[in-house]
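>>> I'd like to go over a predicted model; first the sequence, then the structure.
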Amino acid sequence: MFRKKNSNDKTKIRTKLFVWCIVLVLMAAIAIADVDHGLAEANLWANVSVAQIGAGDSRESIFHEGMIPVFKCEENFGVRKALALLGSICGKNIVPSPNVDGMLAFRQLTNVTFDEVMDAILGDNFRYVKRGSLIRVYTKDEYNKIMSDPERMTYKVFTLYYISAAEAMNLIAPVLSSAGSIQGSSPAENIVPTGDSISAGSGGGDTMALNDTIVIADYPENIVEVEKMLKQLDVRPKQVLVEATILSATLTEGMEMGVDLSFMAGVSLTGASTTSQVGTTESLSTSTTTPISQVAAGTRGTPLETSGFASVGGSGLRVGVTSGEFAAFITALEQVTDTTILANPKILAVNKQLGQVYIGNKIGYTSQTTQTQTSTTQQVEFLDTGTKLSFRPYIGDDGYIRMDIHPKDSSGTLKTNDIPDEFSTELATNIIVKDGQTIVIGGLFRDVVVTSRSQIPLLGDLPLIGVFFRSTSDSVQRQEVIVLLTPHIIDEAKETNSDARIDDIRRKKFGTKDELQWAGKARLAEDRYATAARYYLEGDTEAAMNELNYVLELRPSYLEAIRLKERIIGETRPDELDSMERILLGDIEREDSDKWRR
């Protein structure tokens with residue numbers, strides 16, 4: 001028994017020793033594999049500067065914030081090994097093609113990025129392409145063959161919002177490859193009727209109503225570049241709000257003075273009536289006898305008369321003296337006319353687009369007459385007179401605006417032969433002004449001084465008494481046009497301050513209402529509506545309804561009163577709102593339209 005027991009113990013011991021031997025062999029194999037892998041990686045890392053790698057250094061400590069402090073290689077180090085080393089340092093999956101080989105042209109790089117190291121390793125003989133998480137490296141010939149493969153080509157549709165398709169096609173063309181193509185949508189109708197009729201120009205017909213669109217077919221990398229370009233090109237343009245003040249002033253001054261004399265009721269040399277009576281247009285004598293007939297008839301008295309120096313029946317100071325056969329008539333008149341035309345428009349124009357404002361009158365005239373045996377045709381044209389301002393802004397990136405400006409102020413008349421005459425003051429200039437500053441264009445003025453004198457020779461030049469034998473007329477006319485422009489660069493539509501302009505319109509509306517006759521229907525309706533609105537705000541809906549009923553009796557189409565009445569009914573008696581005649585008519589019309597559709 002004892003011997004058998006010892007034999008079993010020895011067998012168990014041998015078994016355990018055998019198992020432990022197997023375990024030790026496996027552990028040794030694993031250790032050897034780890035050592036081989038460590039040696040392989042160490043062979044790579046050994047090529048990086050030893051000064052940068054300590055005993056506890058890791059990849060993160062070397063490739064920190066996208067920078068490699070030192071990338072140092074042995075002499076005659078291969079490209080494939082360098083790519084493997086770079087991939088190990090940066091954690092990249094770099095896969096070179098079988099034909100990628102050669103030696104590095106450098107030994108050390110300092111403070112470089114991954115892309116910079118790749119460019120240094122590959123040089124001019126190799127290219128790489130990023131596809132997902134892989135970086136594939138090719139020879140130059142392989143790369144060109146792959147990149148020019150037509151099967152890689154794709155297409156993309158771009159919708160444009162601010163730039164036209166034609167402009168986009170011109171600007172994108174340099175980015176496309178030789179095999180790429182681009183097509184754009186047809187241009188939109190851009191004719192805006194500016195003549196006498198709104199029917200001028202084209203209505204568009206069945207032209208494309210969508211935004212401008214371009215379709216590009218090219219390699220993916222080129223389409224990506226196009227997309228980047230369009231993000232910079234297709235942006236909302238800026239606008240310029242121009243506050244214009246146009247002042248046209250005309251000052252006319254005139255001075256007339258003359259004396260008419262008549263002695264012994266003389267007959268005028270024309271054979272017509274003699275000097276007019278004081279304060280009337282009737283003559284002292286209505287005889288039409290000529291001076292020769294008078295002498296032949298033996299009429300007594302010596303004809304002596306001065307006329308035409310005093311304005312009979314005119315305005316101003318008129319003094320007349322008559323005594324027997326003596327009459328004197330004196331006139332003196334000074335006229336001052338001051339005309340001022342002020343326009344204050346606000347014009348919003350897109351960058352580089354034309355903005356115009358015109359306030360004036362169109363004078364029609366016949367420019368050409370064509371006559372045949374059966375008909376006569378006349379061509380009528382119009383002369384635009386008044387105040388006109390044209391400008392075109394060019395917005396800079398420093399807050400300054402360059403503008404082409406053409407202000408014009410004109411007036412015109414028609415001659416007896418239907419030929420127009422135009423008097424115009426205008427200028428054209430190109431200026432640069434800062435956003436918000438005011439431009440003053442002055443100096444557009446003209447002075448006309450006219451002095452005329454009518455007299456009897458010699459007698460009119462005599463001192464003191466010469467004034468009885470002459471008349472003088474002075475005329476001074478001064479015209480001046482002043483243009484003030486204040487441009488503002490507008491990024492958002494709310495910067496136009498349209499609410500303030502709407503408030504100005506309301507103020508004008510209220511001011512116009514006050515000018516109406518108090519007994520007129522329009523004035524009564526306005527006043528009673530204001531009373532109804534006040535009652536509604538105070539909470540007295542019954543009094544407000546009474547006022548509104550009276551208003552709608554006066555003006556059934558008063559929109560504001562109808563809206564207020566609907567609001568009050570909806571708040572106080574909502575069940576009666578649908579019974580209003582306007583609502584019922586709308587329901588009937590909708591029912592009829594539904595029947596027709598069915």
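Thanks, I have it.

>>> how about the helices in the chain?
Assigned by DSSP state H, the chain shows helices spanning 2-45, 59-62, 79-90, 114-122, 140-147, 165-172, 220-233, 291-297, 498-514, 521-538, 541-554, 559-572, 581-597.

>>> how many other residues sit next to the closest residue to residue 524 other than its chain neighbours?
Nearest residue to residue 524 in three dimensions, chain neighbours excluded: residue 554, at 5.9 Å (CB to CB, 6 or more residues apart in numbering). C-betas here are computed from N, CA, C, even on glycine. Using other CB atoms under 10 Å, residue 554 has 17 neighbouring residues.

>>> For residue 554, give me its contacts.
521, 524, 525, 528 (CB atoms under 8 Å, 6 or more residues apart in numbering).

>>> what number of residues lie near the residue nearest to residue 147 when sequence neighbours are not counted?
Once flanking residues are discounted, residue 147 sits nearest to residue 219: 6.8 Å by CB to CB, 6+ apart. Neighbourhood size, residue 219 [other CB under 10 Å]: 19.

>>> List the residues that contact residue 219.
Residues near residue 219 by CB under 8 Å, 6+ apart: 147, 152, 153, 154, 177, 179, 180.

>>> how does it look with 7 Å?
Applying CB atoms under 7 Å, 6 or more residues apart in numbering, we find residue 219 in contact with 147, 152, 153, 177.

>>> And those, which of them are buried?
Neighbour-count burial (16 or more other CB atoms under 10 Å) applied to the contacts of residue 219 gives residue 153.

>>> Can you tell me which of the contacts of residue 219 lies closest to residue 467?
If you rank these by distance to residue 467 using CB to CB, residue 177 comes first, at 96.5 Å.

>>> I'd assumed residue 220 was in contact with the closest one.
No. In this structure, residue 177 is not within contact of residue 220 by CB atoms under 7 Å, at 11.0 Å.

>>> How many neighbouring residues does residue 552 have?
A total of 17 residues lie near residue 552 under the criterion other CB under 10 Å.

>>> which residues does the closest residue to it other than its chain neighbours contact?
The shortest distance from residue 552 to any non-neighbouring residue, by CB to CB, 6+ apart, is to residue 561 (5.7 Å). By CB under 7 Å, 6+ apart, the contact list for residue 561 reads 529, 548, 551, 552.

>>> show me the contacts for the second one.
Contact criterion CB under 7 Å, 6+ apart gives 532, 561, 564, 565 as the residues in contact with residue 548.

>>> May I ask which of these has the most neighbours?
residue 532 (26 neighbours).

>>> hmm, back to that, any idea how far residue 410 is from the residue nearest to residue 147?
Residue 219 sits at a distance of 60 Å from residue 410 (criterion: CB to CB, to the nearest Å).

>>> what do you get for residue 570?
Taken as CB to CB, the span from residue 570 to residue 410 is 56 Å.

>>> For the two, work out which one has more neighbours and name it.
For residue 570 versus residue 410, neighbours defined as other CB under 10 Å are more numerous around residue 410 (19 against 11).

>>> So what's the residue count around the spatially closest residue to the more buried one that is not a sequence neighbour?
In space, residue 410 comes closest to residue 424 once its chain neighbours are excluded; the distance is 3.9 Å by CB to CB, 6+ apart. Per other CB under 10 Å, the neighbour tally for residue 424 reads 11.
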